[in-house]
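K.L.:
Predicted model follows, preceded by the sequence.
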Amino acid sequence: MIKAITGTKDILPSEISKWQYLEKLLRDTFQLFNYKEIRTPIFEETALFARGIGEETDIVSKEMYTFKDRSETSITLRPENTAGVVRSFIEQSLGAQQSLNKLYYIGPMFRQERPQAGRLRQFHQFGAEALGSTSPLLDAEMIQVAYRILKNLGLKNLVVKINSLGIPEVRENYKNVLRDFLNDKKNNLSEESRKRFDTNILRIFDSKIEVDQQIMKDAPLLIDHLDEQSKNDFDVVKSFLTKVGIPFEVDPALVRGLDYYTKTTFEIVSGSVGSQSALCGGGRYDLLVQELGGKFTPGIGFAAGMERILLACENEKSLNLSPDSIDVYLIRVDSKSDEQLELDLKPELDLAVAKLASMLRRENLICDYDYLNRSVKAQMREANKYNAKFVVFVGGDEFKNGELNLKNLSNGEQQLIKIDDFEKLKSIIKS
RNA sequence: GUGGGCGUAGCUCAGUUGGUUAGAGCACCAGGUUGUGGCCCUGGGGGUCAUGGGUUCAACUCCCAUCGCUCACCCCA
């Protein structure tokens, strides 16, 4: 048997309604904040991600799905969508048509990691990017949009964490400060963190290992070494969040993994999804557009993992979706009396049912019927399974008299309606 | 890439110290007045017990390997 690739999942009809609910909420919310959807290709030239995300990051160095196409171009399935959006922004000169572009996206991403709770190899993210302004109000707006979406899903167990990474020069200086601090303690660090000392020293703050945390407790913080502008911007973000009533905590250890971040970074974590607790993460990337060959254009964005969010909803039972239902199920009934007549009538009945179905559907009534020639009882069970509000019996003696038998499944009441009187049938079902 | 747990019907799981034709619930199908549901009752279909080796008179049960799933580390949304 051929099975789905490791780390990929089918989203089955039985679970599609929560996805559609989430997607609708996303579109409605983004629209409210005047963000426009952008859809970029699912694969890009490998170089885009290498330059955008950073060669040294794990994502680029060991987690990308990269292959060569027939023309020997190195292609990569997108591991995230910021690089693609920025590429499109530059290539299509979006900045020339509008000084500020507020964009959002929804779609699958691909990373070759070991799957676990809340982590897949093909997973789905939504996210937003605002390109063209350095205003910290936008930073705060991003957090607000993301927070609002999660809140509207009924999630409770949320913590908004924010931090500022400052401008690159400041960060480089600070890294030296941190290196000085750690130099004589280096040998006490965990093996992982000793590695990080050389590759990405800031991430030592993220370590879950006791000894590392002990050492880092007294480490100098980037937030105390910020430049004036970054510091002021960060203050604006904080006071905006306070004003609009979004609780947050400043987490000096919050260091984004991707190279392109500057100044504000943030993350919303949930206590309801296991160890992969970050539902959403983002930050400012004022230099990325330039890095990828465009004119200097400041930007800020975030991405959120949809599987993780739905997992949190599941665990908190926060979504109360009403079950699917249909308006009417048509049931072909046999004649009580005359078997031979029944046989003669059958093709006519089948056609009558099919025609009635198409008339009802034309009225936007959700309608279905039996295609398996099953018994009335089986058809009734089917109607129940679909949560039908009404059934219409077509056939038998009523049919011979030019009538249909309409039954309301919630109270069991039945009434005869003339086949010609479609108006009446449809208005009862619609009421 | 590293480590732990687990692989018995479509799903959730039983299966006693290895011992005849492998079970239950749910789901599915059919019937319970050959024209009427949700409840209930009866019956039915469906499993090479993940795969391949090994130990044994005998393996779903013990051992090894492979594959898969899962959780955690790592990394990240």
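P.N.:
Alright, I've got the coordinates.
K.L.:
mind checking the longest helix of chain A?
P.N.:
Ranked by number of residues, the top helix in chain A under DSSP state H is helix A:339-362.
K.L.:
Buried by neighbour count: which residues of that helix qualify?
P.N.:
A:342, A:345, A:349-350, A:352-353, A:356-357, A:360 (16 or more other Cβ atoms under 10 Å). Every residue, glycine included, has its C-beta placed from N, CA and C.
K.L.:
Any regions of the stretch 51-200 of chain A where pLDDT drops low?
P.N.:
Across the stretch 51-200 of chain A, nothing is flagged by pLDDT under 70.
K.L.:
RNA strand B contacts on that one?
P.N.:
A:57-59, A:63, A:80, A:111, A:113-120, A:123, A:125, A:192, A:196 (Cβ under 7 Å from any atom of the strand).
K.L.:
and the residues you listed, which of them are in helices?
P.N.:
Per DSSP H, helices hold the following members of these: A:58-59, A:192, A:196.
K.L.:
Can I get the buried ones among those residues as something I can paste into ChimeraX?
P.N.:
This is the ChimeraX syntax for the buried subset of these, where burial follows 16+ other Cβ under 10 Å:
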select /A:59,196
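K.L.:
circling back to that earlier point, which one of the buried residues of helix A:339-362 is nearest to RNA strand B?
P.N.:
Nearest to RNA strand B among the buried residues of helix A:339-362: A:Glu342, at 7.8 Å, using Cβ to the nearest atom of the strand.
K.L.:
In space, not sequence, find me the middle residue of chain A.
P.N.:
Ranked by distance to the mean C-alpha position of chain A (Cα atoms, centre = their mean), the top residue is A:Met306 at 3.4 Å.
K.L.:
Please name the nearest non-neighbouring residue to that one.
P.N.:
Leaving aside its chain neighbours, A:Met306 sits nearest to A:His124 (4.0 Å; criterion: Cβ to Cβ, 6 or more residues apart in numbering).
K.L.:
before we move on, what about A:Ala354?
P.N.:
A:Tyr369 (7.6 Å).
K.L.:
Next up, phi/psi of that neighbour, please.
P.N.:
As for A:Tyr369, its main-chain torsions (degrees, to the nearest 10) stand at phi -150, psi 180.
K.L.:
Contacts only, for it.
P.N.:
The contact partners of A:Tyr369, by Cβ atoms under 8 Å, 6 or more residues apart in numbering, come to A:329-332, A:353-354, A:357, A:379.
K.L.:
picking up where we left off before, the residue nearest to the centre of chain A reaches A:Gln125, doesn't it?
P.N.:
Yes: using Cβ atoms under 8 Å, A:Met306 makes contact with A:Gln125 at a distance of 6.4 Å.
K.L.:
Name the residues contacting each of the two.
P.N.:
Contacts common to A:Met306 and A:Gln125, judged by Cβ under 8 Å, 6+ apart, are A:Ile106.
K.L.:
ok so, going back, beta partners for the residue nearest to A:Ala354?
P.N.:
Beta-bridge partners for A:Tyr369, by DSSP bridges, are A:Leu330.
K.L.:
Might you list the low-confidence residue ranges for the stretch 201-350 of chain A?
P.N.:
Along the stretch 201-350 of chain A, segments meeting pLDDT under 70 span A:257, A:335-344.
K.L.:
quick one, helices of it?
P.N.:
Along the stretch 201-350 of chain A, counting by DSSP state H, counting those that start in this stretch, helices occupy A:210-216, A:228-243, A:288-291, A:306-316, A:339-362.
K.L.:
Using CSV, list the CA coordinates for the longest one.
P.N.:
By that I understand helix A:339-362. The C-alpha coordinates for helix A:339-362 follow below in CSV (Å, rounded to 0.1, in the frame of the first residue of the first chain):
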residue,chain,number,x,y,z
GLU,A,339,-45.2,-4.9,-7.8
GLN,A,340,-45.3,-5.0,-11.6
LEU,A,341,-46.5,-1.4,-11.7
GLU,A,342,-43.7,-0.6,-9.4
LEU,A,343,-41.1,-1.9,-11.8
ASP,A,344,-42.6,0.0,-14.7
LEU,A,345,-42.6,3.1,-12.7
LYS,A,346,-39.1,2.9,-11.4
PRO,A,347,-37.2,4.8,-14.2
GLU,A,348,-39.8,7.4,-14.1
LEU,A,349,-39.4,7.8,-10.3
ASP,A,350,-35.6,8.0,-10.5
LEU,A,351,-35.9,10.8,-13.0
ALA,A,352,-38.5,12.6,-10.9
VAL,A,353,-36.2,12.5,-7.9
ALA,A,354,-33.2,13.7,-9.9
LYS,A,355,-35.2,16.5,-11.4
LEU,A,356,-36.6,17.6,-8.1
ALA,A,357,-33.1,17.6,-6.7
SER,A,358,-31.9,19.9,-9.4
MET,A,359,-34.8,22.3,-8.9
LEU,A,360,-34.2,22.4,-5.2
ARG,A,361,-30.5,23.1,-5.7
ARG,A,362,-31.4,25.9,-8.1
